[in-house]
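Visitor: Dropping a prediction and its sequence here:
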Amino acid sequence: MAMIQLKNIEKIYNLGGEPVHALQSVSLEIAAGEYVAIMGSSGSGKSTLMHIIGCLDQPDNGTYKLDGQEVQSLSEDELADVRNKKIGFVFQQFNLLPRMDALENVTLPLIYAGLTPAKRTERAANMLRLVGLGERMGHRPSQLSGGQQQRVSIARALVNKPAVLLADEPTGALDSQTSEEIMALLAELHKEGTTIILVTHEPDIATFAHRLVKLKDGLITSDQIIRKPG
C-alpha cells in the first residue's frame with residue numbers, strides 16, 4: 001500500500017471574486033521509503049500540494065489517504081494528532097523558539113506525545129546527536145549558525161519518528177556549502193528508511209531525490225525516476 005495516495009485532488013481559492021485553481025485533478029502515489037522532490041515555479045501549486053500532504057489544508061475535491069487513513073474524515077483534533085505523530089516538517093525558516101535551547105526546541109513535539117520528561121530529554125538528545133549537534137544541545141538559536149539551526153529543525157521534525165518527512169525549501173536560507181551539508185544529512189536519513197518529500201524550485205537541490213514530480217499551473221506535468229536509490 002502506498003504511504004501517500006492522492007486522487008483527483010482539487011484546491012480552489014477565491015481571489016478578488018475570481019476562482020483560482022491552485023491544484024487541478026492531481027493524482028499521486030508515494031510509497032514508504034521513497035525520496036521524492038516536488039518542483040515548480042512560484043504559483044505552480046507545489047506549496048498548496050505540500051500543505052494538503054501535510055494535513056495543514058484540506059482539498060476541495062478528491063481523496064487523500066495517508067498511511068491507509070482517509071484524511072478528509074478526520075476532525076481538527078485528529079488532524080493535529082496526525083501532524084504530530086505521522087508527519088515531520090522542515091521549513092525554509094527554521095521556526096525555532098528563540099528563548100529555548102536546542103534540546104528544549106526538539107523536545108516540544110514530545111510533550112503532546114505523552115512521554116515523561118526524562119524520556120523526552122533522552123529521545124531529543126539522541127536525535128540531536130544523530131544530526132551532529134551533540135555538543136550544541138544547550139545553545140539557543142542565536143548562538144547557532146544557519147546550518148546548525150536547520151539541523152535542530154530536522155531533529156525536531158524526526159523526534160516523534162514520523163512516517164513522512166516534509167521538507168519545504170529546506171536550504172532556501174542557507175549558503176551553498178551549508179545547503180550541501182543539509183542535503184547530505186537528508187540523504188543519510190533516507191538511507192535509514194525515512195520517507196522524504198522535498199519541495200523546491202532549485203534544480204540542483206531536486207537532484208538529491210530519486211524521483212522528480214513537476215508541477216505547473218496546478219497540474220502534474222511530469223513524474224519520473226531520476227536516479228536509483230543506493
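Guide: Here it is on my side, so go on.
Visitor: Tell me where the model's unsure across the chain.
Guide: Residue ranges of the chain with pLDDT under 70: 1, 229-230.
Visitor: Name the residue closest to the centre of it, please.
Guide: Leu166 (1.2 Å; Cα atoms, centre = their mean).
Visitor: got the CA coordinates for stretch 101-110 in CSV?
Guide: Provided in CSV are the C-alpha atoms of stretch 101-110 (Å, rounded to 0.1, in the frame of the first residue of the first chain):
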residue,chain,number,x,y,z
ASP,A,101,18.0,25.9,23.7
ALA,A,102,18.3,23.2,21.0
LEU,A,103,17.3,20.4,23.4
GLU,A,104,14.2,22.2,24.5
ASN,A,105,13.2,23.0,21.0
VAL,A,106,13.5,19.4,20.0
THR,A,107,11.5,18.1,23.0
LEU,A,108,8.5,20.2,22.1
PRO,A,109,6.6,17.7,19.9
LEU,A,110,7.2,15.0,22.5
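Visitor: What helix or strand is Asn84 located in?
Guide: Using DSSP states H and E, Asn84 sits within helix 76-86.
Visitor: which other residues reach the helix or strand containing the residue nearest to the centre of the chain?
Guide: Leu166 belongs to strand 164-168 when assigned by DSSP H and E. The contact list for strand 164-168 (Cβ atoms under 8 Å, 6 or more residues apart in numbering) reads 3-4, 47, 50, 53-54, 66, 86-92, 154, 157-158, 186, 189, 194-199. Heads up, the C-betas are built off the backbone N, CA and C, glycines and all.
Visitor: and the gap between Met183 and Ile53?
Guide: 20 Å (Cβ to Cβ, to the nearest Å).
Visitor: Compare neighbour counts for the two and give me the winner.
Guide: For Met183 versus Ile53, the count of surrounding residues by other Cβ atoms under 10 Å is larger for Ile53: 23 against 20.
Visitor: residues in contact with the more buried one?
Guide: 4, 6, 64, 66, 164, 166, 197.
Visitor: Next: Ser145.
Guide: Per Cβ under 8 Å, 6+ apart, neighbours of Ser145: Thr178.
Visitor: cool, Leu212 as well?
Guide: Per Cβ under 8 Å, 6+ apart, neighbours of Leu212: 36-37, 39, 206, 222-224, 226.
Visitor: now with 6 Å?
Guide: 37, 206, 224, 226 (Cβ atoms under 6 Å, 6 or more residues apart in numbering).
Visitor: Any idea what the residue nearest to the centre of the chain is bridged to?
Guide: Phe89, Ile197 (DSSP bridges).
Visitor: From Glu18, how far out is it?
Guide: On the measure of Cβ to Cβ, Leu166 and Glu18 end up 30 Å apart.
Visitor: picking up where we left off before, what angle do strand 164-168 and the helix holding Asn84 make with each other?
Guide: 90 degrees (axes from the mean of the first three to the mean of the last three Cα atoms, to 10 degrees).
Visitor: Report the distance from helix 76-86 to the chain centre.
Guide: 14 Å (Cα atoms, centre = their mean, to the nearest Å).
Visitor: show me where the chain has strands.
Guide: In order along the chain, the chain carries the following strands (DSSP state E): 4-15, 18-30, 35-39, 61-66, 69-70, 87-91, 164-168, 195-200, 211-216, 219-225.
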